[in-house]
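J.: please find the sequence and the predicted model below.
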Amino acid sequence: MTDTGLPHPMLVDAARRAIAEGNPENARDIAIEAQRRMLTPVINATGTLLHTNLGRAPHAWQQDEGYSNLELDLSTGERGSRMDTAPALIARACGAEAAIVVNNCAAAVLLVLAALAEGHGVAVSRGEMVEIGGGFRIPDVMARSGARLIEVGTTNRTRRSDFAQAVDDPSNDVAVVLQVHQSNYRIVGFTEAPSVTELADLGPHLVADIGSGLLDSRCPWLDAGPPGWLSDEPAARQTLESGADLVTFSGDKIFGGPQAGIIAGRADLVAKCARHPLARALRPGSLVLGALQATALAYLRSDGQAIPFWRMASASLDQLRDRAGGYTSGEAIDTVATPGGGTLPGVEIPSIAISTRGDHRRELRNRTRPIIARVVDQHTIIDLRTVHPSDDIEVDQALQELD
């Protein structure tokens, strides 16, 4: 079993389990099974750009061995703040006065509500009390923050007047009006929802959880401007310009960085969040901040090609067809990719795939570097929009070995 590369204690565990199961010869298989449960690089051929099971946005960040000035002000030699690094750059990129980073978007909402509304009411539309992955619900997050939920409107129609009525009722003691983007589902038909501009003058702090992390609806980091499939996605810059006091969003979705939650907006409110005791419990370390800094700098350079998500999303069909022409197995077909990751429900992005007859997901998944594909109409589909071009040779070889 030593050829697995696993450390001795794990091999011992595998051997003991095999003996306990009455099949000592199975020890190596058990060891390999344990190895495959560990984190390992995979090739995403599913066509889902932000695949939650595969870590959402792909990103590359390598930190050299050694120390960093995580909390050291190099100008003064005194203690600095980790929030003066990547968060400050993100704030600059989205037009906010300041920003703070925590470990995911649910944590960002939790911290904002705890800092601004603990012991007070928070008004939320009934149509926006969403449940995110893993069963976490907005009402549950709010309860843990110490804030009190004030439901307004109906599931499909909520107006400014509904929020105004809740705010004007002294018994509600509304400290925050919370707008939650319906990022992982869509209500269609007889619907209505107030805009950020309509809610901005109600009095309480207006917080918009925009979810996916689009920084600017103009997409100045893309040479061709914003793609059509982004038309209804709220952006941090425009949401703040419309009157929101704070926005919260994820770092590992459309923003294209590592898992993180960003709070951006008014400097005084960001500072209040930073002073709350939860901020220390939720703060990220230097690896996450380093990756966020690299991503934020790419935005400030207007270099979308340096952000893997945007490089994938903006690849033209002609580019994908050219790559498909280099494959020696399978058939190139038109298909559609999806943003995924709880963003832009129902949105499809035209793409090109390699199709091969039969369901080969298991064989591809069991390779040394797993290839994760999907099956449509009894054909295995390799969507090239989510396969990195440098992996084409390896994927083509894997398809040849299926023949």
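T.: Perfect, thanks for sending it.
J.: quick check, residue 380 in a strand?
T.: Yes - Residue 380: assigned to a strand according to DSSP: H, G, I helix; E, B strand; the rest coil.
J.: what's the neighbour count on it?
T.: A total of 24 residues lie near residue 380 under the criterion other Cβ atoms under 10 Å. In short, each C-beta sits where N, CA and C put it, glycine included.
J.: for it, which residues make a bridge with it?
T.: Assessed by DSSP bridges, residue 380 has beta-bridge partners residue 356, residue 375.
J.: for the host helix or strand of residue 17, list the C-alpha coordinates in PDB.
T.: Here residue 17, judged by DSSP states H and E, is contained in helix 8-20. Extracted in PDB, the C-alpha atoms of helix 8-20 (Å, rounded to 0.1, in the frame of the first residue of the first chain):
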ATOM      1  CA  HIS A   8       1.700   5.400   7.700                       C
ATOM      2  CA  PRO A   9      -1.200   6.200  10.200                       C
ATOM      3  CA  MET A  10      -3.700   6.200   7.400                       C
ATOM      4  CA  LEU A  11      -2.400   2.900   6.000                       C
ATOM      5  CA  VAL A  12      -2.700   1.400   9.500                       C
ATOM      6  CA  ASP A  13      -6.300   2.600   9.700                       C
ATOM      7  CA  ALA A  14      -7.000   1.000   6.300                       C
ATOM      8  CA  ALA A  15      -5.400  -2.300   7.300                       C
ATOM      9  CA  ARG A  16      -7.400  -2.400  10.600                       C
ATOM     10  CA  ARG A  17     -10.600  -1.700   8.900                       C
ATOM     11  CA  ALA A  18     -10.000  -4.400   6.300                       C
ATOM     12  CA  ILE A  19      -9.200  -7.000   9.100                       C
ATOM     13  CA  ALA A  20     -12.300  -5.900  11.000                       C
END
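J.: in this structure residue 70 contacts residue 289, no?
T.: Yes - between residue 70 and residue 289 there is a contact at 7.3 Å, judged by Cβ atoms under 8 Å.
J.: what helices and strands are in contact with the helix holding residue 17?
T.: The contact analysis (3 or more Cβ pairs under 8 Å, 6 or more residues apart in numbering; DSSP states H and E) places helix 8-20 against helix 27-36.
J.: avg pLDDT for the next helix or strand after the helix it packs on?
T.: Helices and strands here follow DSSP H and E; after helix 27-36, the next one along the chain is strand 43-44. Averaged over strand 43-44, pLDDT sits at 97.
J.: and strand 43-44, what does it pack against?
T.: Applying 3+ Cβ pairs under 8 Å, 6+ apart, we find strand 43-44 packed against strand 371-372.
J.: the strand it packs on: how far from the chain's middle?
T.: What separates the centre of strand 371-372 from the centre of its chain is 20 Å, taken as Cα atoms, centre = their mean, to the nearest Å.
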